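Enquirer: Build the 3D model from these lines:
(chains A, B and C)
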Amino acid sequence: MLGFALRRAALAVAVGLAVSAIAFLLLRVSGDLAATLAGEEASAAEIERIRGLYGLDRPVIVQYGEWLLRSLRGDLGRSLFYPESVAKLILDRLPNTATLATLGLAVALLLSIPLGVVAALFRNTWIDRLALALAVLGQAMPSFWFALLLIFFFGITLGWLPVSGTEGLANFVLPALALGWFSTPVLMRLTRAGMVEVLAADYIRTAHAKGLPVRTVLVKHALRNAVAPVVALASVQFGNMLSGSVVIETVFALQGIGYLAWESISRRDFPVVQGILLVVALFYVVLTLVADLLNAWLDPRIRSG
Amino acid sequence: MSGAQVTRRARWRGNWGLIIAAVVLGAIALMAVAAPLLAPFDPYEQILDDRMLPPAFVDAERASPDHLLGTDNLGRDYLSRLIYGARISLLIGFFTMVVSGVIGTVLGVAAGFFGGRTDMVVSFLVTTRLSLPVVMVALAVVAVLGGSLQVVVLVLGLLLWDRFAVVMRSATMQVRSRDYVTAARAIGCSVPRILWGEVLPNVVSGLVVIASYEMAQAILLEAALSFLGLGVQPPLPSWGLMVSEAKEFMLFEPWMIMLPGAAICVLVLAINLLGDGIRDLTAPEGRR
Amino acid sequence: MGWFARVLVLVLSAIAPAFAGPADNTLRWASDSEPANIIPYQNTVREGVVMGFLIWDAPTYRDPTSGEYRLHLAESVRLVDATTIEIRMRQGIVAHDGEVVDAQDLVDTVNIMLDPANRIVNFQRVSWLARAELVDAQTARLIMKEPFGPWQEYLTNVVVMPSDYLRRVGLEGMAREPIGTGPYRVSELAPGRQTVLERFDRYFGGAKGQPSIQRLIFRRIPEANTRLAELLTGGLDWVWRVLPDQARNLRSRRNLTVVSGETVRIVYIGMDAGGRTGREGNPMTDLRVRRAISHAIDRPGIIRNLVGEGASVLHTPCHPEQFGCTQEGITRYEYDPARARALLAEAGYPNGFEVALMAYRERPWVEAVIGQLRAVGIRANLSWVQADTSSSEVRDGRVRMNMGAWGSTSLYDVAAITSYFFGDNPNDMARDAEVAAMLRRGDTSTDPAARIEAYAPAIRRITEQAYWLPMWTFPLTYAFNSQLEFRPSADEVPRFFEARWRR
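Expert: Just a heads-up that it's a prediction; the model follows:
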């Protein structure tokens, strides 16, 4: 077990390092940061002045080393645009993204589990096909178009919901709907597959044979077992949503991590983009490490694998 | 109703979807290839004074008989742009799928076949790739390198190979221990020959499903990049770019976004259906 | 209008939008970008300029209607000699925190902004100055680096900060909790979320006058459709940069006022006449080619169809409203594709040529230009970049042809545009020594008549040589709640302190 844990941890560290290098190089190598800082209407002399002031004239490797060391101490640097530290900017936006991701996941599960169950119960009938078609159709639309349709319908035509901002929970309803919708198909397919498998299992047949009411059999026995893999996948989806939905957050002007990333990319605010990439990636690395170790502890077969 | 009957009916229905998908995809591909013959106008020719003419079925009074599907913001024939747009969207989907497919398959097969240290390295690469958020990284790279067809295809290709690698790895691991591979090894076949001749043909069926999924994914991601202003460059007419250009007029000329939007939907649906259909065909009990 | 739009409008007018603005004397406005740092010396974003006018004041103020320079924080301004401005500050000015603001604050602000250690982003606001000196408590002197013609114009941009506070908290503290003397004080500053300004009750008025609206709430909403949705549902009271097509449709709405107006911003096409991308096989160095391009673009057609109301064709490398921008004796190029093709053939390009066109904004306009160049045989490949990339590529001499816009930082003087683009500096793509010398003579003279005399031949020569194709003046369309009294001004700075709610 210890050997496995060490190997796994070493992998996580290697991945963390690789990601940090990518995050750093991605934006540092190209583009003239000094020109961005100076602004559209600045002169060449101003740009040179700013280059020197920010230490952008030093070798890239030196800049990376310094950045990595500081990052390890939790100092992600300062934004080049906001008079704030990167860490604070990210922490400020994280609650919005977390709320959105949680609600988005809730939407996805509320849509996909009932649809999947119904599809499995009526498998290979038109109901099954319809459920599948609905799910696939959801995935086939460009997400920003779907989001804008939601705004026009629920925001303008019906006037039920606010269309942008983060003042209250109501502001999150439309973005969560848009976000959750796109995770629905994959979760629905998994629910359906799980249910089909479980319904055919012996203990369900036994339960039926014992004359238990259908609802009891479904909810207490079938669903509980079928949903386990869905929950596992849902946590992965949640991780993806947490890394910020750039498109959805931009459409709804919802100030989360994804929106911050997009803003920062278009302004070439390197420290912020690096910080977000690093935080998001490390979040993923740590989550998978914990999940792997937990799995290995529960199931000894994995350790040898 | 017997079990055999159900299975047969399910497979027949699966094929029905497969047939529709193949016909739709074939039509779109044909449209892309024969674009110069099919398009009634030059897709780049603009007549500013004729801009935003609606199609006849939207507004018969303002419509022009020359432009079946109307004209866009710059007075370019919408039908011609949609026809040429099929080229760009298919190219993006296809080449992204090829790039990611090659990377993912090579890595996956190598990991599955050699195991050990190779497997470790590949699993390191996959984990690294998975820990990077796709849209964010794609945006950043395109922002730095500038948007063009080649850049978009390369960036998406380099970001979408993980699923190929994972599936190919497990498929190869299963094949590796089969008799014919052991036999080939025993008679002293070279490793490349075994990989090419014995392993690859036996894992290829699994590829198709992922390939279709990734192709659809690439087409939608290009639309998202275009929305954020970093997709392919105009005047190239990709469907994703057309949707994102038309969104400015969504409130007042909704047909402009509906046409390319519907085109993307149909294309992505057809690709997904094709993948599902092929999976059902190759794995008879796949859809129970 | 299609059936869908018709139904939509019907439904929309059925719902009486709950405009909250007039009831609590609050104005909610939004834009597509925002200043990351609210200090006017620390950003070049337009919204930052707007905020600067609301929160801070300068010694003088240019009246946007008459164009006159009026005394604001200053009681008097005079030129002591060619490089010294003496400013007597008005008495009894207080900042939002109660600090008294006088000549010392002006001197300190200028000297702090000039200090290279402070990393000022918008250095142009003060870069024409060498230093500031205190004469007495009410009087300060600003020393210019050399005689500077447009000093009166630039002086309106030298905003004064309460220097005790600035020294105590530093520039960063000031950016986080800004204190000024302006008509509005900042009550909430959450970049990315919203910026809330409250009317400053002890405001001295001056040339700006007393504000009427109690509270201004600003939000950044990048997506145009979302902004419009908020405007239509009453979540916003004021937006700008409305597209002409959207404006046309919004006009029919009873609750909204839609107005367009010219600005000092212009659109241009730059050409590598100086041959910095190489002279060999570079068509741009040929006058006939540059003239062909000038004849190839249907500016009236693009304006009519895409740019919209409030725009007009431009013939000079400067806005006609800017000081020194003569419209007499210049060469004008009418739309004449046949003439363009003939000129190209004459220049040895009967089948046209291929060229990279760099651009960064207003994509439909750029696309229209590409289409029209294509019609005369010039195949322009679009290279779509960020604004900063475009300007740095130009500076590095790697651009053969580009299309851009220039707002002259709202300065009504040729020095802020013609000299900027043709003054033999890195931005200069023409590299005409004769033009540069004439411009320099105009810039360093403080006598208005002499300046006009120096600039006129330079402008004539630029148009005659077709170094630039000036395209059109840049219009701006505003849409706002009809109950709001608001008049747009041509310098692209909405004066919210002059706006009021009709009740």
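
Enquirer: Could you see whether chain B lies near the helix or strand containing A:I204?
Expert: Using DSSP states H and E, A:I204 sits within helix A:202-209. No. On the criterion Cβ under 8 Å from any Cβ of the partner chain, helix A:202-209 is out of touch with chain B, staying 14.6 Å away. Bear in mind the C-beta positions are built from the backbone N, C-alpha and C, glycine included.

Enquirer: residues of that helix that come out buried?
Expert: Going by neighbour count (16 or more other Cβ atoms under 10 Å in any protein chain shown), the buried part of helix A:202-209 is A:I204, A:A207.

Enquirer: Now do it: distance to the chain's middle.
Expert: Helix A:202-209 has its C-alpha centroid displaced from the chain centroid by 39 Å (Cα atoms, centre = their mean, to the nearest Å).

Enquirer: Quick one: residues in contact with that helix.
Expert: Contacts of helix A:202-209 with the rest of the structure, by Cβ atoms under 8 Å, 6 or more residues apart in numbering or on different chains, involve A:V198, A:T216, A:V217, A:H221, A:A222.

Enquirer: Most neighbours among those, please name it.
Expert: Each of the contacts of helix A:202-209 was scored for neighbours by other Cβ atoms under 10 Å in any protein chain shown, and A:A222 scores highest at 24 neighbours.

Enquirer: helix or strand right after the helix holding A:I204?
Expert: Once the chain leaves helix A:202-209, the next helix or strand it forms, by DSSP H and E, is helix A:214-216.

Enquirer: May I have the helix or strand sitting right after that next one along the chain as CSV, with CA atoms only?
Expert: Stepping forward along the backbone from helix A:214-216, the first helix or strand reached (DSSP H and E) is helix A:224-242. Written as CSV, here are the backbone C-alpha positions of helix A:224-242 (Å, rounded to 0.1, in the frame of the first residue of the first chain):
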residue,chain,number,x,y,z
ARG,A,224,-29.7,2.8,-5.3
ASN,A,225,-27.4,0.3,-7.1
ALA,A,226,-27.7,1.9,-10.5
VAL,A,227,-26.9,5.3,-9.4
ALA,A,228,-23.5,4.5,-7.8
PRO,A,229,-21.5,4.9,-11.1
VAL,A,230,-23.5,8.0,-11.9
VAL,A,231,-22.4,9.6,-8.7
ALA,A,232,-18.8,8.8,-9.5
LEU,A,233,-19.1,10.4,-13.0
ALA,A,234,-21.1,13.3,-11.5
SER,A,235,-18.1,14.2,-9.3
VAL,A,236,-15.9,14.3,-12.4
GLN,A,237,-18.5,16.6,-14.1
PHE,A,238,-18.6,18.7,-11.0
GLY,A,239,-14.8,19.1,-11.2
ASN,A,240,-15.1,20.2,-14.8
MET,A,241,-17.8,22.7,-13.9
LEU,A,242,-15.7,24.0,-11.0
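
Enquirer: What residues of helix A:224-242 count as buried?
Expert: Buried-residue list, helix A:224-242, by 16+ other Cβ under 10 Å: A:225-227, A:230, A:233-234, A:236-242.

Enquirer: same thing with stretch A:77-88?
Expert: A:G77, A:R78, A:S79, A:L80, A:F81, A:Y82, A:P83, A:E84, A:S85, A:V86, A:A87.

Enquirer: Am I right that the second one is in contact with A:F270?
Expert: No. With contacts defined as Cβ atoms under 8 Å, A:R78 does not count as touching A:F270, sitting 10.7 Å away.

Enquirer: and B:T127, what element?
Expert: Here B:T127 sits within helix B:116-130, counting by DSSP H and E.

Enquirer: next helix or strand past that helix?
Expert: Remark: after helix B:116-130, the chain's next helix or strand is helix B:134-145, criterion DSSP H and E.

Enquirer: Could you report the pLDDT at A:L298?
Expert: For A:L298, the model assigns a pLDDT of 66.

Enquirer: List the contacts of the nearest residue to C:R279 once chain neighbours are set aside.
Expert: Setting aside the residues directly before and after it, C:R279 is nearest to C:T285 in space (Cβ to Cβ, 6 or more residues apart in numbering or on different chains), at 5.7 Å. Applying Cβ under 8 Å, 6+ apart to C:T285 gives the contacts C:D272, C:A273, C:G274, C:G275, C:R279.

Enquirer: rerun at 10 Å
Expert: With contacts taken as Cβ atoms under 10 Å, 6 or more residues apart in numbering or on different chains, C:T285 has the following neighbours: C:M271, C:D272, C:A273, C:G274, C:G275, C:R276, C:T277, C:G278, C:R279, C:R400.

Enquirer: Look through the chain and tell me its longest helix.
Expert: As the question left the chain open, I've gone with chain A. When chain A is scanned for its longest helix (criterion: DSSP state H), the result is helix A:86-121.

Enquirer: right idea, wrong chain: chain C
Expert: Secondary structure assigned by DSSP H gives helix C:448-464 as the longest helix of chain C.

Enquirer: Could you list the low-pLDDT ranges of the stretch 51-200 of chain A?
Expert: A:54 (pLDDT under 70).

Enquirer: Kindly report the same for the stretch 251-400 of chain C.
Expert: Residues of the stretch 251-400 of chain C meeting the criterion pLDDT under 70: C:386-389.

Enquirer: hey, where'd the strands end up in the stretch 1-150 of chain C?
Expert: Listed from the start of the chain, the stretch 1-150 of chain C has strands (DSSP state E, counting those that start in this stretch) covering C:26-31, C:60-62, C:69-71, C:74-81, C:84-89, C:129-136, C:139-144.

Enquirer: Looking at the stretch 201-305 of chain A, which residue is nearest chain C?
Expert: When Cβ to the nearest Cβ is the measure, the stretch 201-305 of chain A has its nearest residue to chain C at A:A253, with 4.2 Å between them.

Enquirer: so how many other residues sit close to that residue?
Expert: 24.

Enquirer: if I read this right, it contacts A:E167, doesn't it?
Expert: No. Contact status for A:A253 versus A:E167: not in contact, 11.6 Å apart, counting by Cβ atoms under 10 Å.

Enquirer: Next step: the buried residues of stretch A:77-88 restricted to strands.
Expert: For the buried residues of stretch A:77-88, membership in strands holds for none, with DSSP state E as the criterion.

Enquirer: now those residues in JSON lines, with distance to B:V23?
Expert: Conversion of the buried residues of stretch A:77-88 to JSON lines gives the following (distance: Cβ to Cβ, whole Å):
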{"residue": "A:G77", "distance to B:V23": "55"}
{"residue": "A:R78", "distance to B:V23": "57"}
{"residue": "A:S79", "distance to B:V23": "53"}
{"residue": "A:L80", "distance to B:V23": "53"}
{"residue": "A:F81", "distance to B:V23": "52"}
{"residue": "A:Y82", "distance to B:V23": "54"}
{"residue": "A:P83", "distance to B:V23": "59"}
{"residue": "A:E84", "distance to B:V23": "56"}
{"residue": "A:S85", "distance to B:V23": "57"}
{"residue": "A:V86", "distance to B:V23": "52"}
{"residue": "A:A87", "distance to B:V23": "55"}
